[in-house]
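Sequence isn't available, so here's the structure alone:
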Ligand SMILES: C=C(O[C@@H]1C=C(C(=O)O)C=C[C@H]1O)C(=O)O
């Protein structure tokens, strides 16, 4: 009781509260003007950086620099939660890049795929997102210059490599500029209101695989139909009341569908690693990962010889994958991720040794280790901190 009374006495009387609100709002108005003035000054600096980059034929997107800017500022996050500061700066960077040169980002469309949300979450709203019908379209758009950047899924924590993405690196001379890890959650969406009425479930093969057990247990009679993307599945379902799509929860808003079941992935810790592809990339320090591919002579010890080069030079290998070469049957190309910048001077002799042992070595990109982002959040349901 005493507490309640104290609470009541602490609330200022109405005229007093109004006066205080007026003062606070006056302060906010003043601060906003200063923020905008500073943002304008920042934009002018960025425009000049852009002119210098264009003069030198340099790329616009500098993920290492962006990470440095962000890390320096996060130390100062105080009343503003870190997550909010990151979101604000994601948009400042997005605007800044756009001012330097409007950026087209190709992705596997249509709007509403996980690639789309990964792009927005990482590169912000000032880029122009150009949907492509398939992953090949994303690589092609970047290699022809139709898009400055592309966003492609490379691997999933439950289902491994997206083989098609790796294969496309063999056909297109694009490089990896950055990576990001996205938490993925799947939902069943349809025009109806009950799972029991669903006869067909459309989705991309990856989500169908990631939800296989749940689907067998909860929709045993539905036929699973693989299609080009999760959002393409949602588009189809608009005209088929006895069908459902599996994908991002916000496909419901985009395509006017009901969410029939949420979080239907077989294991909740479901992450996809995406990479941002472009032509060339950022040079200089601060890059802590390298992706490369190599082909080997057909003789005993060829692969172990390359792995030995890594071991002797203290290079930590994170991933090794072989894919068919396609141009020659029963020949393979190896894709490797290592935990260092292989273009740095200290690894020059390791690279030279590798080149001696391999038929071909191609560095796909050196880039900063990527952030982990939750792209699955239903923004409407995103509560306070
Ligand atoms: C301003 C620059 O260009 C881009 C925008 C950045 C920013 O707004 O801080 C940082 C890196 C680049 O992606 C820069 O290279 O410094």
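Yep, that arrived. These figures come from a predicted structure and were not determined experimentally. Residues are numbered from 1 along each chain as shown.

which SSE is the residue of the stretch 1-150 of the chain found nearest the ligand in?
Using C-beta to the nearest ligand atom, the closest approach of the stretch 1-150 of the chain to the ligand is made by residue 96 at 3.1 Å. No exception for glycine: its C-beta is placed from N, CA and C like everyone else's. In the assignment (DSSP states H and E), residue 96 maps to helix 82-100.

Tell me which residues touch the residue of the stretch 1-150 of the chain closest to the ligand, please.
Each residue near residue 96 by C-beta atoms under 8 Å, 6 or more residues apart in numbering is listed here: 42-43, 46.

ok, back up a step: quick check: next helix or strand after the helix holding residue 96?
strand 104-108.

Show me what that next one is packed up against.
helix 114-123, strand 128-132, helix 135-144, strand 149-156 (3 or more C-beta pairs under 8 Å, 6 or more residues apart in numbering; DSSP states H and E).

who touches that strand?
113, 115-116, 119, 123, 127-132, 134-135, 137-138, 141-142, 146-153, 228-229.

Mind doing that once more with 6 Å?
Contacting residues not belonging to strand 104-108 are listed as 115-116, 119, 123, 127-130, 132, 135, 138, 141, 147-151, 229 [C-beta atoms under 6 Å, 6 or more residues apart in numbering].

Over to stretch 291-305?
For stretch 291-305, the surrounding residues in contact (C-beta under 6 Å, 6+ apart) are 176, 333-337, 357-365.

could you redo the last one with a cut-off of 7 Å?
Outside stretch 291-305, the residues that touch it by C-beta atoms under 7 Å, 6 or more residues apart in numbering are 169, 176, 306, 325, 333-337, 342, 354, 357-365.

Tell me which of those residues fall in strands.
Judged by DSSP state E, those include 176, 333-337, 360-365 as members of strands.

Generate a PyMOL selection restricted to the buried entries among those residues.
Remark: buried members of the ones in strands among the contacts of stretch 291-305, expressed as a PyMOL selection using 16 or more other C-beta atoms under 10 Å:
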select buried, resi 176+333+334+335+336+337+361+363+364+365
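
thinking again about what came up before, output the helices and strands packed on strand 104-108 in CSV, with distance to residue 66, mean pLDDT and mean neighbour count appended to each entry.
Shown next, in CSV, are these (distance: least, C-beta to C-beta, whole Å; pLDDT from 0 to 100; neighbours: other C-beta atoms under 10 Å):
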stretch, distance to residue 66, mean pLDDT, mean neighbour count
helix 114-123, 10, 97, 24
strand 128-132, 19, 98, 18
helix 135-144, 20, 98, 21
strand 149-156, 13, 96, 24
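
Output these as JSON lines; include the columns distance to residue 187.
JSON lines is the format used below for the helices and strands packed on strand 104-108 (distance: least, C-beta to C-beta, whole Å):
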{"stretch": "helix 114-123", "distance to residue 187": "12"}
{"stretch": "strand 128-132", "distance to residue 187": "21"}
{"stretch": "helix 135-144", "distance to residue 187": "23"}
{"stretch": "strand 149-156", "distance to residue 187": "17"}
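
okay if I get those as TSV plus distance to the ligand?
Conversion of the helices and strands packed on strand 104-108 to TSV gives the following (distance: least, C-beta to the nearest ligand atom, whole Å):
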stretch	distance to the ligand
helix 114-123	10
strand 128-132	16
helix 135-144	17
strand 149-156	11
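
Ok, which of those comes nearest residue 233?
helix 114-123 (12.0 Å; C-beta to C-beta).

what angle do the closest one and strand 128-132 make?
Between helix 114-123 and strand 128-132, the angle formed by their directions is 160 degrees, by axes from the mean of the first three to the mean of the last three C-alpha atoms, to 10 degrees.

what about the residue in the stretch 151-300 of the chain that the ligand sits nearest to, how many residues close to it?
Scanning the stretch 151-300 of the chain for the residue nearest the ligand gives residue 282, at 8.2 Å (criterion: C-beta to the nearest ligand atom). Residue 282 sits with 22 neighbouring residues when counted by other C-beta atoms under 10 Å.

distance of the nearest residue to it once chain neighbours are set aside from residue 287?
Take residue 282 and drop its neighbours on the chain: the residue closest to it by C-beta to C-beta, 6 or more residues apart in numbering is residue 62, 4.8 Å away. Here residue 62 is placed at a distance of 11 Å from residue 287 (C-beta to C-beta, to the nearest Å).

which phi and psi does the nearest residue to residue 210 once chain neighbours are set aside have?
Distances taken as C-beta to C-beta, 6+ apart place residue 265 nearest to residue 210, at 5.1 Å, with adjacent residues excluded. Here the main-chain torsion angles of residue 265 (degrees, to the nearest 10) amount to phi -70, psi 150.

same thing with residue 245?
Dihedral angles (degrees, to the nearest 10) for residue 245: phi -120, psi 150.

Now do the same contact list for it.
189-190, 202-203, 230, 233-234, 237, 251.

Over to residue 355?
The contact partners of residue 355, taken as C-beta under 7 Å, 6+ apart, are residue 361.

one step back: farthest pair within the contacts of residue 245?
Taking C-beta to C-beta, no two of the contacts of residue 245 sit farther apart than 190 and 230, at 13.4 Å.

Good, wrapping up.
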